[in-house]
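Trainee: when you get a sec, could you give me coordinates for this:
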Amino acid sequence: MLPTVAAMNHLSVLADGAILRSPTTIFDPAATPARSAFELSMLVLGVTAGIFLVVGGLMLYAVIRFRYRPSDSEREPPQIYGSNQIELSWTVIPILIVVMLFLSTTRVILDTEAAPKPASSVDVTVIGHQFWWEYRYPKLGVVTANELHVPVSDPAKPMPTYLAMSSADTDHSFWVPRLAGKMDLIPNRLNTMWIDPQEPGLYLGQCAQYCGTQHAKMLLRVYAQSPEDFAAWIKQQQRPAEQDVSANPAVAEGQTVFMHSACINCHTIAGTVATGRYGPDLTHLESRDTIASGPIQNTPENLRKWIANPNSMKPGVLMPSMHLNDHDLDVITAYLVTLH
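Mentor: Numbering: from 1, shown residues only. Next up, the predicted model:
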């Protein structure tokens, strides 16, 4: 059975050294928007818990205090109709509670959306696809897929990441619980949000809007890195993919087979004739820990199986099987694993 993100949640340190901070939980916020949402959630939970205890306590008191006793008369007790004090209290108190929660929620929304954008912020364009994520860093000239890299933001020197979001097909929803609330990605509409993780590590998330058969495996992986490590990653992504194929005949043949197949209609590999935009950019495929938007570890064996028959590993995926023979599968895999 292939390892999945769910199984990796039990690991504290991943193979590449990134620390897995937590699975998907809202109860340990690691960024300002998530912390604001958490505090609001705790306020709502406290208020509703108080209401539950008061109402439940009164009901319990009534059940015990006015329970039937053998000495009770069979005659119906006196009936009391109407009480201005009670009517007023259960009308005014709920209104005050609702107004308080409304104002608290409004304050969090306005504080989050109106936060000033510092000059040091990082801009990322997020595009949702069935069933994967595309990330573009327009000011940095980087395009990648499925694994979002952002810098850690020091409160003393904030470096938040602003995400401009849209969809290429249907509705999606970007949700990394420890970093922020949910944000929908809607075709022909641009929504924005920001995150400022304050600890390095890997933060997991999930598409939170049903978008098709493989919605459950449209996973999110956000790598928060120190500013130095993030700059190094950007520099590595800006370089052309290492494609010295002359030293290895299998790699050279794999490049030829790839460039003469329908793969180039969907995928881009910078510096080649492959300029497709329908599928993920493969220029630095081997710099990613996973394939298929998170559920499958990026190993040569898994990559070969994926190319041979994507639907067997992710049923409903839109990438078709190319019906390649074993030799072509071997050489294409040998080529793709050189794309660092």
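
Trainee: CA only for contacts and neighbour counts going forward, please
Mentor: Fine.

Trainee: and the top helix by length along the chain, what other elements does it pack with?
Mentor: The longest helix of the chain (DSSP state H) is helix 32-65. Helix 32-65 makes packing contacts with helix 84-113, strand 191-195 when contacts are defined by 3 or more C-alpha pairs under 8 Å, 6 or more residues apart in numbering; DSSP states H and E.

Trainee: just the buried positions in whatever helix or strand comes next after the longest one, please.
Mentor: Right, the one you point to is helix 84-113. For helix 84-113, the succeeding helix or strand toward the C-terminus, using DSSP states H and E, is strand 122-129. Buried positions in strand 122-129, judged by neighbour count with 16 or more other C-alpha atoms under 10 Å: Val122, Asp123, Val124, Thr125, Val126, Ile127, Gly128, His129.

Trainee: quick one: low-confidence ranges for this protein?
Mentor: 1-22, 242-246 (pLDDT under 70).

Trainee: tell me the domain boundaries of it?
Mentor: Domain segmentation of the chain under automatic domain parsing yields 32-65+84-113, 122-238, 249-336.

Trainee: just name the most buried of these.
Mentor: Neighbour counts (mean count of other C-alpha atoms under 10 Å) averaged over each of those peak at domain 122-238, with a mean of 20.

Trainee: strands along the protein, start to end?
Mentor: Secondary structure of the chain (DSSP state E): strands located at 20-22, 122-129, 132-137, 142-145, 147-151, 161-167, 172-175, 183-185, 191-195, 201-207, 219-225, 290-291, 296-297.

Trainee: next, format these as JSON lines and append distance to Tyr278.
Mentor: What follows is the strands of the chain, written out as JSON lines (distance: least, C-alpha to C-alpha, whole Å):
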{"stretch": "strand 20-22", "distance to Tyr278": "30"}
{"stretch": "strand 122-129", "distance to Tyr278": "9"}
{"stretch": "strand 132-137", "distance to Tyr278": "10"}
{"stretch": "strand 142-145", "distance to Tyr278": "12"}
{"stretch": "strand 147-151", "distance to Tyr278": "17"}
{"stretch": "strand 161-167", "distance to Tyr278": "12"}
{"stretch": "strand 172-175", "distance to Tyr278": "17"}
{"stretch": "strand 183-185", "distance to Tyr278": "17"}
{"stretch": "strand 191-195", "distance to Tyr278": "22"}
{"stretch": "strand 201-207", "distance to Tyr278": "19"}
{"stretch": "strand 219-225", "distance to Tyr278": "18"}
{"stretch": "strand 290-291", "distance to Tyr278": "16"}
{"stretch": "strand 296-297", "distance to Tyr278": "20"}
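
Trainee: go through those strands and name the closest to Arg107.
Mentor: Within those, the stretch nearest Arg107 is strand 191-195; the backing value is 16.3 Å (C-alpha to C-alpha).

Trainee: can you name every helix or strand that that closest one contacts?
Mentor: Going by 3+ C-alpha pairs under 8 Å, 6+ apart, strand 191-195 lies up against helix 32-65, strand 161-167, strand 183-185.

Trainee: quick check: which of these is nearest to Pro197?
Mentor: Comparing the helices and strands packed on strand 191-195 by C-alpha to C-alpha, helix 32-65 comes nearest, at 7.7 Å.
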